[in-house]
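# next comes the sequence, and after it the predicted model I'd like to discuss.
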Amino acid sequence: MPLTQIFLRGGKPTGYRLAIAESLQKALTDALGVPAEERFQLITEFGKDNFIFDPSYKNISRSQDLVMIVITLKAGRSNELKKSLYQTIVTELGNSPKIRREDVLIVLHENGPADWSFGDGGAQLLD
């Protein structure tokens, strides 16, 4: 059950934001086997003065349509599986809503079973 945070410049229509969320969930399902219904996503928009990035870091040409994605998930996946996830995400976002591969920045945050409570004050992954 990953928790995904999606950050982008404000002003995009609702359909665009929802397409990002849909494509991201599809990528998580396809690449990691996350059940489609296990969906927890946050979308945050920023004004241009609060969305700051290097447009050419690592020789990648980014536009003002950059989308930053942070995924928090349980640790334990191989580097190869993570690389496959990155490729699946950029492919899905390229299909809908047509985001350039260069405009997708992804960060994974891994943690352990004790770091999750899914509600009711429980530590369900430890039980």
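Received, thanks.

# how about the helix ranked longest in the chain: buried residues?
Looking across the chain with DSSP state H, the single longest helix is helix 14-32. Within helix 14-32, the residues scored as buried using 16 or more other Cβ atoms under 10 Å are 17, 19-20, 23-32. For the C-beta atoms, the positions are set from N, CA and C on the backbone; glycine is no exception.

# who does that helix touch, helix- and strand-wise?
strand 3-9, strand 40-46, strand 67-74, helix 79-95 (3 or more Cβ pairs under 8 Å, 6 or more residues apart in numbering; DSSP states H and E).

# so which of those comes closest to W116?
strand 67-74 (7.5 Å; Cβ to Cβ).

# neighbouring strands - and their directions - for that closest one?
Taking DSSP bridges as the criterion, strand 67-74 pairs within the sheet with strand 3-9 (antiparallel), strand 104-111 (parallel).

# which one of the ones you listed lies closest to S63?
Closest among the strands paired with strand 67-74, using Cβ to Cβ: strand 3-9, at 10.0 Å.

# which one of the buried residues of helix 14-32 sits closest to L3?
The closest of those to L3 turns out to be L28 (Cβ to Cβ; 10.8 Å).

# for the residue most central in space within the chain, which non-adjacent residue is closest in space?
Nearest residue to the geometric centre of the chain (Cα atoms, centre = their mean): I69, 3.7 Å. For I69, ignoring the flanking residues on the chain, the nearest one in space by Cβ to Cβ, 6 or more residues apart in numbering is I106 at 4.9 Å.

# what's the neighbour count on the one you found?
For I106, the count of nearby residues is 17 (other Cβ atoms under 10 Å).

# A31 versus that one, what's the distance?
Separation of I106 from A31 (Cβ to Cβ, to the nearest Å): 12 Å.

# sweet, I'm off.
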